[in-house]
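**Student:** Starting from these lines, generate the structure:
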Amino acid sequence: MDDSFLRKSDELSRRRFMGYASKSLLGVSVIPTMLPLAGRAAGKPEAIQVSPSQTSGRKPTARNIIYLYMSGGMTHVDTFDPKPEAGEKVAGPVKAISTKADGVMISEYFPMLAKQMDKVCLFRGLTTTQGAHEQGNYFMHSSYTMRGTIQHPGIGAWLLRMEGKTNRTLPGSVCIGGGANGGGAGFMESKYAPLYIGSPNDGVPNSRALTGTREFDDRRMLAEKFDMAFHSKYDVKRVRAYSDMYDDAVRLMRSEDLKAFNLNLEDQKVRDEYGTDGFGQGCLLARRLIENDVRHVEVTLGGWDTHNNNFQAVQGLAGRLDQGLSALLNDLDRRGLLSETLVVLTTEFGRTPYVNENDGRDHFPKAFSGLMAGGGIAGGQAHGKTNEHATDVVDGKMSPPDFNATIAYGLGLPLDETIYSPSKRPFTVADKGQPVTSVFG
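**Tutor:** From the prediction side, this is the model:
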């Protein structure tokens with residue numbers, strides 16, 4: 001290490017240093033790029049546990065979770081709750097097909113998934129109180145409705161807060177292909193926030209720049225020199241949280257575990273099985289991360305807001321989902337990972353069973369569908385039921401908190417453990433949600 005670089009730094013003003021750093025110092029640029037939303041959580045005080053769990057000690061059925069989010073409001077009628085007897089005004093041109101699960105039919109858009117329905121439990125009784133995208137997304141991810149005074153944690157943050165990371169180097173939570181409105185750290189510490197990846201093909205942003213070079217080490221020493229002086233004067237949690245976040249990023253950049261993000265290391269045949277689009281490759285990246293002990297991975301597939309030309313749009317989206325999800329289930333099963341990984345698919349709300357004048361479907365919070373597979377789920381079944389036109393849930397009704405409570409149950413998270421926010425308000429992992437334990441084998 002060249003100490004002359006540090007001696008010269010005494011001549012630099014902090015203003016000149018920050019100007020230089022903003023352009024070329026990796027230690028400043030890497031964190032906002034790699035963890036764009038974690039920094040906001042870093043300024044929040046640590047959450048406080050105030051009551052012990054009464055359900056701890058129950059053995060979880062899953063260690064990890066892959067959460068597939070269909071952003072925009074996925075139509076239930078054209079995917080997992082078809083109504084072939086309802087007529088064209090409801091069903092449109094979409095036919096229902098039989099599956100490997102006795103008596104369970106799904107849309108013809110999912111021929112590959114139909115062959116794997118013995119691994120899957122459909123949830124056809126989902127219903128929500130939120131009919132707008134942002135609010136519905138937030139409610140589904142967090143189990144709480146939006147408030148201007150607080151941000152609630154998502155299931156990934158709860159998992160890390162209660163159970164901890166498995167791999168010391170890799171982040172415990174990763175979100176691929178989209179933001180997580182309500183799915184971040186919320187009021188918890190920044191260390192529970194996910195790493196956000198825009199494109200699965202690009203890996204971790206800025207992870208290659210200056211890694212392992214003397215220039216990088218010199219610049220890091222300079223940054224630490226300024227940090228030490230600042231910490232001695234302002235010993236606050238948010239400063240330490242940001243420093244810890246920086247250290248984690250550097251540790252990741254210099255670790256062999258970073259290869260988990262490199263899809264080029266996969267056999268091309270495997271990549272093709274998942275589909276070459278962003279969602280399919282995101283599912284492949286999710287498998288690689290779970291294989292390397294990342295505990296929570298979310299992959300987003302957007303475009304489901306089909307107010308116009310619903311059937312054309314859904315056919316394309318469903319094709320991508322069918323290939324990516326089917327490959328994921330096959331691959332996890334082949335590698336012995338499906339039994340310990342809970343695969344979840346959901347959306348913010350459904351869409352109107354009746355087709356509108358633009359050949360589309362509008363927002364419909366009263367009924368929608370999701371699914372779970374692996375991680376102790378008993379496949380080959382459908383929980384919940386809508387009426388003949390899919391307009392109302394008539395059996396097995398589930399709210400987003402109920403759905404999240406079921407996820408938490410599978411992960412072995414205590415549903416009654418209370419955490420205080422910085423404003424001293426009590427929260428639990430799924431609010432008042434009740435798990436559907438009967439879907440587990």
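**Student:** So for the helix or strand hosting Leu252, mean pLDDT?
**Tutor:** Element membership for Leu252, per DSSP states H and E: helix 237-253. Averaged across helix 237-253, pLDDT comes to 64.
**Student:** packing partners for whatever helix or strand comes next after that helix?
**Tutor:** Using DSSP H and E, the next helix or strand after helix 237-253 towards the C-terminus is helix 268-274. Packed against helix 268-274 by the contact rule (3 or more CB pairs under 8 Å, 6 or more residues apart in numbering; DSSP states H and E) you find helix 278-291, helix 310-334. Glycine gets a C-beta too; all of them are placed from N, C-alpha and C.
**Student:** how far is helix 268-274 from where the chain is centred?
**Tutor:** 23 Å (CA atoms, centre = their mean, to the nearest Å).
**Student:** Residues in contact with it: which ones?
**Tutor:** 263, 280-281, 283-284, 323-324, 327-328, 330-331 (CB atoms under 8 Å, 6 or more residues apart in numbering).
**Student:** any idea which of the helices and strands packed on helix 268-274 is most buried?
**Tutor:** Comparing these by mean neighbour count (mean count of other CB atoms under 10 Å), helix 278-291 ranks first with a mean of 25.
**Student:** May I have whichever helix or strand comes after it exported as PDB, CA atoms only?
**Tutor:** Sequence-wise, the next helix or strand downstream of helix 278-291 (DSSP H and E) is strand 296-301. The C-alpha coordinates for strand 296-301 follow below in PDB (Å, rounded to 0.1, in the frame of the first residue of the first chain):
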ATOM      1  CA  HIS A 296     -34.900 -14.400  -0.600                       C
ATOM      2  CA  VAL A 297     -35.000 -13.700  -4.400                       C
ATOM      3  CA  GLU A 298     -37.800 -11.700  -6.100                       C
ATOM      4  CA  VAL A 299     -38.200 -11.700  -9.900                       C
ATOM      5  CA  THR A 300     -40.700  -9.300 -11.500                       C
ATOM      6  CA  LEU A 301     -42.500  -9.800 -14.800                       C
END
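**Student:** Could you list the paired strands of strand 296-301 along with their orientation?
**Tutor:** strand 64-70 (parallel), strand 173-176 (parallel) (DSSP bridges).
**Student:** Next, count neighbours for the closest residue to Gly370 other than its chain neighbours.
**Tutor:** Closest residue in space to Gly370, ignoring its immediate chain neighbours: Thr346 at 3.9 Å, by CB to CB, 6 or more residues apart in numbering. Using other CB atoms under 10 Å, Thr346 has 22 other residues around it.
**Student:** Would you mind identifying the next helix or strand past the one helix or strand Thr346 maps to?
**Tutor:** For Thr346, the host element (DSSP H and E) is strand 341-347. Counting by DSSP H and E, the element after strand 341-347 in chain order, helix or strand, is strand 350-351.
**Student:** Spatially central residue in this protein, please.
**Tutor:** The centre of the chain sits closest to Glu298, judged by CA atoms, centre = their mean, with a distance of 2.5 Å.
**Student:** Please enumerate residues in contact with stretch 92-107?
**Tutor:** Around stretch 92-107, the neighbours that count as contacts under CB under 8 Å, 6+ apart are 77-80, 82, 84, 108-111, 113-118, 120, 122, 310-311, 314, 318, 355, 379-382.
**Student:** Got the phi and psi for Asn137?
**Tutor:** Main-chain torsions, Asn137, degrees, to the nearest 10: phi -60, psi -50.
**Student:** Let me know the average pLDDT across stretch 68-75.
**Tutor:** 98.
**Student:** Distance check, His152 against Pro422.
**Tutor:** 12 Å (CB to CB, to the nearest Å).
**Student:** what do those two both touch?
**Tutor:** Phe187.
**Student:** Which members of the contacts of helix 268-274 are the farthest-apart pair?
**Tutor:** Using CB to CB, the two most remote members of the contacts of helix 268-274 are Leu263 and Asn330, lying 17.4 Å apart.
**Student:** would you list the strands paired with strand 296-301 in CSV and tack on distance to Phe403 and mean neighbour count?
**Tutor:** Below are these laid out as CSV (distance: least, CB to CB, whole Å; neighbours: other CB atoms under 10 Å):
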stretch, distance to Phe403, mean neighbour count
strand 64-70, 11, 25
strand 173-176, 18, 26
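**Student:** Dump the ones you listed to TSV, plus distance to Lys100.
**Tutor:** TSV is the format used below for those (distance: least, CB to CB, whole Å):
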stretch	distance to Lys100
strand 64-70	20
strand 173-176	28
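**Student:** Tell me, how many residues neighbour Leu413?
**Tutor:** 25.
**Student:** right, so of the strands paired with strand 296-301, which gets closest to Glu88?
**Tutor:** Among these, strand 64-70 sits nearest to Glu88 (CB to CB), with 24.4 Å.
**Student:** This completes my enquiry, with thanks.
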